[in-house]
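*Asks:* Okay, structure incoming, though there's no sequence with it:
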């Protein structure tokens, strides 16, 4: 049979404008607050512009004629305008900060919720440090723009419009002259942004890669030290760190050009306006107050222009982070249940596999036409060399991966006809690597079934031989576990893992090297717990030590994705085939 084709993942196009627009859609969820903030922004800007424009009547009508009493009154009005502007600015920034934090929280929530619905295959291909970087570095960049820069961006943009309006009112001709440098102020930043955009994206990717490396090596420090690999790890770190430095240097090099270029153009504009304004005052009758006010507006014009350039530069870094975040949010989740999907209250555990094909990559099948029939309550052991496909075999049952061809059924119902969550509720998995969460022993065991009572948790611990060691802990079942339960031995952690599976009361049990890397004394205790847990349940067992599966009802020898031998321990030994060779080799190693 030709194995089915598995389509490659499609890379999503990156578009900075669409990413920014998408960020703004999140911001726009606070419409009413934004309307009020817009009003405050307008009040703030008008107060600044009016205070600047008042220079014209103050100079023309009060300073030049020497009207001191009128000047004092105008200064009081000016003070009032400043106070209004200060109050509006403070309220505006506080409210924008609220919107920024709410928006960042919403994006962070969407990201986390999406990750809970992504298939296991997604996490199998990602470094945890890189994923954590989404919540730290990338989210920080986005949050900074939303909480700090957004207010400045809006204010600067509207201030430019207001200044331009006042400049036109004072002198349309001088305004036209002052706009000579405007195309250059637009073109140069656009050129810089275009060049730096890809570098900012590369910088964010490099940060994620470096964080992934650090997380991996920090969690594996014992292995690093045992094998004396510190120098090698340091060298690898230096490579990644140097790569990040190069990417960051290029990003900051181009972004750093923004300010000098803008300052040069602003200075040139100021010189042109001053000369042209003086000539207009001499030959075209422009009043002195109008000239002074126009020059003041020209100087004010430079600040929002420079600010916009700087903020736009910051925005590129935030967009690069947002693209990575939205890239995860846009990932295809686990396939939804069909409307016709059904749920089982309880499964007997009769399992059928018919000509099942599966591969992680196109044209590279890992399981090749696997067929199998398992009766209720049978213990099925899977043995074979590393990479033969044993773990992949188990991954089919909870649908961590969907097979491409064939059929698997439980009690006659195809897996794909069962609701995915219900399917997983029928099963429990005990892995070689245990994962405990920050919380009490009660909470960690109850993770197997969140509505389990304390009595049910204790009963599960007793069933799996975990109760005795738990009672010896400082606070018993209320003992806090932190940092993946490092205050427990490996055997104790695995016993809690088994108790967690027991409290879920599964119909089907999947054990993947559950007693590997455990000392002999702990292994005996764990095996007792597993034996009690497997009673009456259909169980699949992957075991490195073949001595632990001799009593299995059926042993399957997996080789190159196929079941090449099947039978009891004694039946397979009598065949003198692959199982016999595996058993003899392991027996010799133990001797």
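*Replies:* Nice, I can see it. Quick caveat: nothing in here was measured; it's all calculated off a predicted structure. Residues are numbered from 1 along each chain as shown.
*Asks:* hey, let's count contacts and neighbours off CA atoms from now on
*Replies:* OK.
*Asks:* And the closest residue to residue 263 other than its chain neighbours, what's its pLDDT?
*Replies:* For residue 263, ignoring the flanking residues on the chain, the nearest one in space by Cα to Cα, 6 or more residues apart in numbering is residue 306 at 7.4 Å. On pLDDT, residue 306 comes in at 73.
*Asks:* Next one: residue 306 relative to residue 175, how far apart?
*Replies:* Distance of residue 306 to residue 175, given as Cα to Cα, to the nearest Å: 19 Å.
*Asks:* Give me the sheet partners of whichever helix or strand residue 407 is part of and which way each runs.
*Replies:* Per DSSP states H and E, residue 407 falls inside strand 405-410. With DSSP bridges as the test, strand 405-410 is paired with strand 351-358 (antiparallel), strand 413-414 (antiparallel).
*Asks:* could those strands go into CSV alongside distance to residue 79, mean pLDDT and mean neighbour count?
*Replies:* CSV is the format used below for those (distance: least, Cα to Cα, whole Å; pLDDT from 0 to 100; neighbours: other Cα atoms under 10 Å):
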stretch, distance to residue 79, mean pLDDT, mean neighbour count
strand 351-358, 76, 94, 20
strand 413-414, 78, 93, 16
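*Asks:* For residue 465, find the nearest of these.
*Replies:* Minimum separation from residue 465 across the strands paired with strand 405-410 (Cα to Cα) falls at strand 351-358, 28.7 Å.
*Asks:* now what about the closest one, what contacts it?
*Replies:* 3-4, 365-376, 402-412 (Cα atoms under 8 Å, 6 or more residues apart in numbering).
*Asks:* Which strand or helix spans the closest residue to residue 344 other than its chain neighbours?
*Replies:* Spatially, and ignoring its direct neighbours in sequence, residue 344 is nearest to residue 422 (6.9 Å; Cα to Cα, 6+ apart). For residue 422, the element it lies in under DSSP H and E is helix 420-425.
*Asks:* That helix: how far from the chain's middle?
*Replies:* On the basis of Cα atoms, centre = their mean, to the nearest Å, helix 420-425 is displaced by 25 Å from the centre of the chain it belongs to.
*Asks:* helix or strand for residue 233, which one?
*Replies:* Residue 233 belongs to helix 230-256, assigned by DSSP H and E.
*Asks:* Quick check: what element follows that helix along the chain?
*Replies:* Sequence-wise, the next helix or strand downstream of helix 230-256 (DSSP H and E) is helix 258-283.
*Asks:* what helices or strands is the next helix or strand after that next one leaning on?
*Replies:* Next helix or strand after helix 258-283 toward the C-terminus (DSSP H and E): helix 288-329. The criterion is 3 or more Cα pairs under 8 Å, 6 or more residues apart in numbering; DSSP states H and E, and the helices and strands that helix 288-329 contacts are helix 16-27, helix 31-53, helix 55-57, helix 68-116, helix 139-144, helix 150-170, helix 182-219, helix 258-283.
*Asks:* tell me which strands and helices the third one is in contact with?
*Replies:* This points to helix 55-57. helix 288-329.
*Asks:* could you give the angle of the helix it packs on to helix 150-170?
*Replies:* Angle of helix 288-329 versus helix 150-170, following axes from the mean of the first three to the mean of the last three Cα atoms, to 10 degrees, is 150 degrees.
*Asks:* Walk me through the domains of the protein.
*Replies:* 16-329, 351-590 (automatic domain parsing).
*Asks:* For the stretch 401-550 of the chain, which segments count as strands?
*Replies:* For the stretch 401-550 of the chain, the strands defined by DSSP state E, counting those that start in this stretch occupy 405-410, 413-414, 427-431, 439-440, 480-481, 508-512, 538-542.
*Asks:* okay, those in TSV with distance to residue 132 next?
*Replies:* Converted to TSV, these look like this (distance: least, Cα to Cα, whole Å):
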stretch	distance to residue 132
strand 405-410	35
strand 413-414	37
strand 427-431	23
strand 439-440	21
strand 480-481	22
strand 508-512	27
strand 538-542	31
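*Asks:* Compare these and report which one is nearest to residue 99.
*Replies:* With Cα to Cα as the measure, strand 439-440 is the member of the strands of the stretch 401-550 of the chain nearest residue 99 (32.7 Å).
*Asks:* ok, the closest one: who's next to it in the sheet?
*Replies:* Sheet pairing for strand 439-440, assigned by DSSP bridges, gives strand 480-481 (antiparallel).
*Asks:* circling back: any idea how far the residue nearest to residue 344 is from residue 350?
*Replies:* Using Cα to Cα, residue 422 is found at 16 Å from residue 350.
*Asks:* who's more crowded, those two?
*Replies:* Shown here are residue 422 and residue 350; by other Cα atoms under 10 Å, residue 350 has more neighbours (19 against 15).
*Asks:* hang on, isn't that one packed against residue 410?
*Replies:* Yes. Shown here, residue 350 and residue 410 form a contact pair, counting by Cα atoms under 8 Å, at 5.6 Å.
*Asks:* ok, residue 266 touching residue 304?
*Replies:* No. Using Cα under 8 Å, residue 266 is not in contact with residue 304; the gap is 11.1 Å.
*Asks:* which of the residues in stretch 272-289 are buried?
*Replies:* Across stretch 272-289, burial judged by 16 or more other Cα atoms under 10 Å covers 272, 273, 274, 277, 280, 286, 287, 288, 289.
*Asks:* Let me fix that, I meant to ask about stretch 302-322.
*Replies:* Using 16+ other Cα under 10 Å as the test for burial, stretch 302-322 gives 302-322.
*Asks:* what's the answer for stretch 426-435, then?
*Replies:* For stretch 426-435, by 16+ other Cα under 10 Å, it's 426, 427, 428, 429, 430, 431, 432, 433, 434.
*Asks:* which of the contacts of strand 351-358 count as buried?
*Replies:* Buried among those by 16+ other Cα under 10 Å: 3-4, 365-371, 374, 376, 402-405, 407-410.
*Asks:* which stretches of this protein have low pLDDT?
*Replies:* For the chain, residues meeting the criterion pLDDT under 70 lie at 1-14, 185-186, 189-190, 193-194, 197, 219-228, 254-256, 258-259, 517-519, 587-591.
*Asks:* can you give me the helices for the stretch 351-500 of the chain?
*Replies:* Taking DSSP state H, counting those that start in this stretch to define them, one finds helices in the stretch 351-500 of the chain at 390-395, 420-425, 441-446, 454-463, 467-471, 490-503.
*Asks:* closest one to residue 105 among the ones you listed?
*Replies:* helix 441-446 (26.4 Å).
*Asks:* re the thing from before, helices and strands around the helix holding residue 422, which ones?
*Replies:* Helix 420-425 packs on no helix or strand, going by 3+ Cα pairs under 8 Å, 6+ apart.
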